[in-house]
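Asker: quick one, what's the 3D model for this:
(one chain, ligands or ions: 1)
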Amino acid sequence: MSITNRRPIWLGILVAAAVARAGQQAPPATPALSKSADAAPTHADLLRGAYGPYRSNNDLLYYHLDVRVDPEKKFISGKNTVRFKMLADGNRIQLDLHESLKIDKIVLGTAQLKFSRDSGAVFVDFPETLRAGKTYSIEAYYSGHPLESGRFGSMAFKKDASGHPWINTACEEQGASMWWPNKDQWRDEVESMDISVSIPNGLVDVSNGQFAGKTDLGDGYTRWDWRVHYPINNYDVSLNIGNYQHFSDRYRDLPLDFYALPEDLDKAKTQFSQAKGMIEAFEHYFGEYPFKKDGYKLIQVPYSGMEHQSAVTYGNRFANGYLERDWTGVGISTRFDFIIIHESGHEWFGNSVSAADRSDMWIHEGWTTYLECLYVEYRWGKEDGLKYTNAYKSKVKNEKPIIAERGVNATPPQDQYFKGALFLNTLRSIVDDDQKWWALLHGVYQHFKYQNIMTEDIVAYFNQHTGMNLTPVFDQYLRHPAIPTLELKFDPANGTVAYRWKADEAAFAMPVRVGTRDHWQLVQPRGDWQSMKTPLSKNEFAVATDLYYINVEKN
Ligand SMILES: [Zn+2]
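Answerer: Predicted structure coming up:
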């Protein structure tokens with residue numbers, strides 16, 4: 001069988017495995033359906049993943065997604081207005097929409113445009129050449145029954161326990177084009193967006209951005225309008241339709257808005273109060289909450305949770321830990337609500353600082369997992385922060401690099417979460433000066449906020465601001481499966497120990513603390529052997545493996 005024929009079979013197996021795992025092993029908003037890095041990308045992956053000529057010839061400015069959702073028919077219809085600036089002359093652009101949905105028409109002003117569809121891609125053709133530097137606006141009308149797929153359903157039509165419709169979108173893995181037409185890639189974002197959702201009277205829609213009002217349409221439906229004032233990842237765009245009750249609060253001058261089902265309102269009022277401490281901690285390390293004009297929202301949903309920008313969705317059972325478990329297993333996870341802290345941490349890393357390709361998604365997940373560790377340190381001190389961080393070691397597999405292949409819609413392995421955080425903790429130990437480290441964290445966020453970047457941008461920032469060449473260290477941890485091994489060779493007769501790094505990167509070098517816990521000595525191993533005096537025996541000689549994520553081999 002060819003790869004394309006074989007693929008659906010093992011994808012089916014992965015789906016089954018993901019379902020079995022859901023709520024037990026998988027991290028929040030995880031790519032549980034991640035495709036194997038070994039499988040060749042399909043034609044559809046290349047169309048979705050590549051930043052091809054009909055994407056790179058334009059720059060997104062604005063969307064207005066205006067849809068009507070029929071809960072009974074499980075049907076969506078409406079249009080997306082797409083405003084963009086041409087970067088080069090051209091007469092074709094690429095949008096994306098899943099094949100299960102119909103495109104009714106695409107118009108430029110009053111002119112109907114021709115288009116052709118190829119798997120999920122929609123190529124829109126213009127009768128006249130669009131000119132570089134000019135701005136255009138088209139409307140893509142569509143309708144259909146969205147295909148419910150993936151761990152969180154992409155767009156799922158459910159009912160709550162009392163029988164009211166409960167309709168939510170969460171589509172990071174499958175893509176926003178599962179339920180609305182857009183330029184479905186990570187590199188380019190609109191600068192702002194309007195979202196209008198028409199739903200039967202009596203239901204509430206909570207989407208991203210600032211609430212801009214609701215209008216009774218006179219036909220049994222009400223339109224809910226939301227205004228996003230910032231760039232937004234397409235997968236962050238979200239509808240949450242249900243029998244929601246609303247309550248609000250403030251953190252300083254930031255509006256906090258909360259939405260829960262009536263039967264869970266009391267529990268939500270208690271649990272959602274953790275949002276304030278979360279914002280305080282992350283503002284301490286990185287600076288102001290990124291989406292102030294849009295406010296911060298927490299919305300109850302029937303799945304575990306997702307970082308939808310300024311409209312974080314929550315399904316963690318109003319209990320601390322992650323789905324009522326001690327997620328990292330060392331007694332710290334149970335002190336806070338994992339989903340509130342993790343998904344909201346993405347407002348800084350994921351939503352504000354975003355990766356420009358799925359391959360570098362560790363910029364979202366590795367960083368946000370590290371934000372959990374920082375939250376623990378902020379609340380309970382450095383020692384607990386370290387304990388929490390190191391507990392993640394048991395979840396790392398080190399089988400594949402955490403940066404996946406670029407431009408093919410590849411999803412990195414789950415190591416991007418845990419190993420990403422352990423790597424950042426290692427980097428802190430390399431910098432070895434907490435004042436400098438806090439300044440670096442604050443600086444890297446402030447420098448890249450509201451941007452879509454690649455790992456190379458972060459490496460360049462750290463190299464420039466530390467004066468070190470950290471490229472081989474980043475590359476070893478992110479672009480190879482294995483972590484570095486500190487090789488130690490003891491010579492008891494001479495009272496010496498020889499040391500060197502064993503790593504894939506030839507230029508890999510980093511300092512490490514060795515000796516005894518109450519009297520660490522900083523050494524600078526490289527790829528070649530060096531030697532030092534030590535009064536310690538092979539058994540007594542320790543390495544600070546809680547500060548550096550490394551293997552140690554003693555001979
Ligand atoms: Zn996450």
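Asker: how many other residues sit next to residue 253?
Answerer: 6 (other CB atoms under 10 Å). Yep, even glycine has a C-beta here, placed from its N, CA and C like the rest.
Asker: scratch that, residue 405
Answerer: Look at residue 405: counted by other CB under 10 Å, it has 16 neighbours.
Asker: just residue 393 next, same as before
Answerer: Close neighbours of residue 393, defined as other CB under 10 Å, add up to 15.
Asker: tell me the contacts of it?
Answerer: By CB atoms under 8 Å, 6 or more residues apart in numbering, the contact set of residue 393 is 418, 422, 549.
Asker: pull out the buried residues from those residues.
Answerer: Listed as buried from the contacts of residue 393 are 418, 422, 549; burial here means 16 or more other CB atoms under 10 Å.
Asker: out of the contacts of residue 393, which are inside helices?
Answerer: Among those, DSSP state H puts 418, 422 in helices.
Asker: could I get the contacts of residue 393 in JSON lines, plus columns for distance to residue 380?
Answerer: Shown next, in JSON lines, are these (distance: CB to CB, whole Å):
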{"residue": "418", "distance to residue 380": "20"}
{"residue": "422", "distance to residue 380": "19"}
{"residue": "549", "distance to residue 380": "21"}
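Asker: in CSV, list the contacts of residue 393 along with pLDDT and distance to residue 86.
Answerer: Formatted as CSV, these follow (pLDDT from 0 to 100; distance: CB to CB, whole Å):
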residue, pLDDT, distance to residue 86
418, 98, 42
422, 98, 44
549, 98, 46
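Asker: tell me which helix or strand comes right after the lowest-mean-pLDDT helix or strand in the chain.
Answerer: Every helix and strand in the chain was compared by mean pLDDT, DSSP states H and E; the lowest is helix 3-21, with a mean of 33. Where DSSP states H and E defines the elements, the next helix or strand beyond helix 3-21 is helix 43-49.
Asker: list the buried residues for that next one?
Answerer: 45-49.
Asker: render the CA-only coordinates of it in PDB, please.
Answerer: Taking C-alpha atoms only, helix 43-49 is exported to PDB below (Å, rounded to 0.1, in the frame of the first residue of the first chain):
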ATOM      1  CA  HIS A  43      -0.700  16.300  -0.500                       C
ATOM      2  CA  ALA A  44      -3.300  17.800   1.900                       C
ATOM      3  CA  ASP A  45      -0.600  18.300   4.600                       C
ATOM      4  CA  LEU A  46       1.600  20.200   2.100                       C
ATOM      5  CA  LEU A  47      -1.300  22.400   1.100                       C
ATOM      6  CA  ARG A  48      -2.100  23.100   4.700                       C
ATOM      7  CA  GLY A  49       1.400  23.300   6.000                       C
END
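Asker: could I get the average pLDDT for stretch 84-93?
Answerer: The average pLDDT for stretch 84-93 rounds to 98.
Asker: test my guess that residue 395 contacts residue 421.
Answerer: No. Residue 395 lies out of contact with residue 421 (CB atoms under 8 Å); the separation is 10.1 Å.
Asker: higher neighbour count, those two?
Answerer: Neighbours of residue 395 and residue 421, each counted by other CB under 10 Å, are more numerous for residue 421; the result is 27 against 18.
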